[in-house]
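1. no sequence on this one, just coordinates:
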């Protein structure tokens, strides 16, 4: 169980590395990819936390988070490409 | 400007993926609404997920396509019907001798906790319908204003 908590902490640390790339990223495309990666990491983190606490409810939250992350990425990409939604 | 007049705005991968995903999103929204009292979520969250499916349709295809599937009249009707369900259950409780939204006073031949669970389910369904309609309406207003200018 200690291994899972270690993996969780490492994932949080790498999410902050991605956050650095979101803040100072040179281009908009890289920022979108970085936000997407943070969202994917958050989904994995939620499932890991659910496994640690032995609760299935976190899987529901992870599904909703993945769904909203997908739609957010689509909307921002379309707005960047077309200038409107 | 020439790009914006195209009929199909996104690539075929996105379109096919969304066409596969939208029914499952709606199914998951219904699951969140109906299991609202036993798991995280509830009427509001399930309504947001249901509205998100139509927002995904409007993003991927077009606003016209979304308006064809979910017209403004239907949205207005959904808002009113959800509000009517919510306040109707509250008024039924009021008419049967309890306080507003005091579920256990309903004259049904069931145990008290089952009446309460049934009433909470209907209240959650009403909240879900209203929230779905309002979320889609907000999105229509935002995007429509952006397209008009």
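-> Nice, thanks for sending it over. Remember, it's a predicted structure, so these values are computed and weren't measured experimentally.
2. CA atoms for contacts and neighbours, from now on please.
-> Noted.
3. give me the below-cutoff pLDDT ranges for the chain.
-> Going with chain A. Applying pLDDT under 70 to chain A flags no residue at all.
4. try chain B instead
-> B:1-10, B:145-149.
5. ranges for the helices of the chain?
-> Unless you meant another one, I'm taking chain A. For chain A, the helices defined by DSSP state H cover A:2-24, A:28-53, A:57-82.
6. sorry, I should have been clearer: chain B.
-> Going by DSSP H, chain B shows helices at B:12-34, B:43-60, B:63-69, B:72-95, B:112-148.
7. a markdown table for the ones you listed, including distance to residue A:18 and mean neighbour count?
-> Compiled in a markdown table, these are given as follows (distance: least, CA to CA, whole Å; neighbours: other CA atoms under 10 Å in any protein chain shown):
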| stretch | distance to residue A:18 | mean neighbour count |
| --- | --- | --- |
| helix B:12-34 | 25 | 17 |
| helix B:43-60 | 26 | 24 |
| helix B:63-69 | 33 | 15 |
| helix B:72-95 | 40 | 17 |
| helix B:112-148 | 30 | 18 |
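8. turn these into JSON lines, columns for distance to chain A.
-> Shown next, in JSON lines, are the helices of chain B (distance: least, CA to the nearest CA, whole Å):
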{"stretch": "helix B:12-34", "distance to chain A": "8"}
{"stretch": "helix B:43-60", "distance to chain A": "6"}
{"stretch": "helix B:63-69", "distance to chain A": "9"}
{"stretch": "helix B:72-95", "distance to chain A": "19"}
{"stretch": "helix B:112-148", "distance to chain A": "6"}
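9. to residue A:56, which of the ones you listed lies closest?
-> helix B:12-34 (13.6 Å; CA to CA).
10. near chain B, which residues of chain A are found?
-> Counting by CA under 8 Å from any CA of the partner chain, chain A comes close to chain B at A:57, A:60, A:61, A:64, A:71, A:74, A:75, A:78, A:82, A:84, A:85.
11. quick check: closest non-adjacent residue to the residue nearest the centre of chain A.
-> Nearest to the geometric centre of chain A sits residue A:39, at 1.2 Å (CA atoms, centre = their mean). Leaving aside its sequence neighbours, residue A:39 sits nearest to residue A:69 (CA to CA, 6 or more residues apart in numbering or on different chains; 6.1 Å).
12. burial of that neighbour, as a residue count?
-> By other CA atoms under 10 Å in any protein chain shown, 20 other residues sit near residue A:69.
13. what do you get for residue A:59?
-> Should you count by other CA under 10 Å, residue A:59 turns out to have 18 residues around it.
14. surely it touches residue A:50?
-> Yes: assessed by CA atoms under 8 Å, residue A:59 is found in contact with residue A:50 at 6.9 Å.
15. ok, so what distance separates residue A:42 from residue B:79?
-> Per CA to CA, to the nearest Å, residue A:42 is found 33 Å from residue B:79.
16. list the contacts of the most centrally placed residue in chain B.
-> Of all residues in chain B, the one closest to the mean position by CA atoms, centre = their mean is residue B:132, 2.6 Å from it. By CA atoms under 8 Å, 6 or more residues apart in numbering or on different chains, residue B:132 lies in contact with B:47, B:48, B:49, B:50, B:51.
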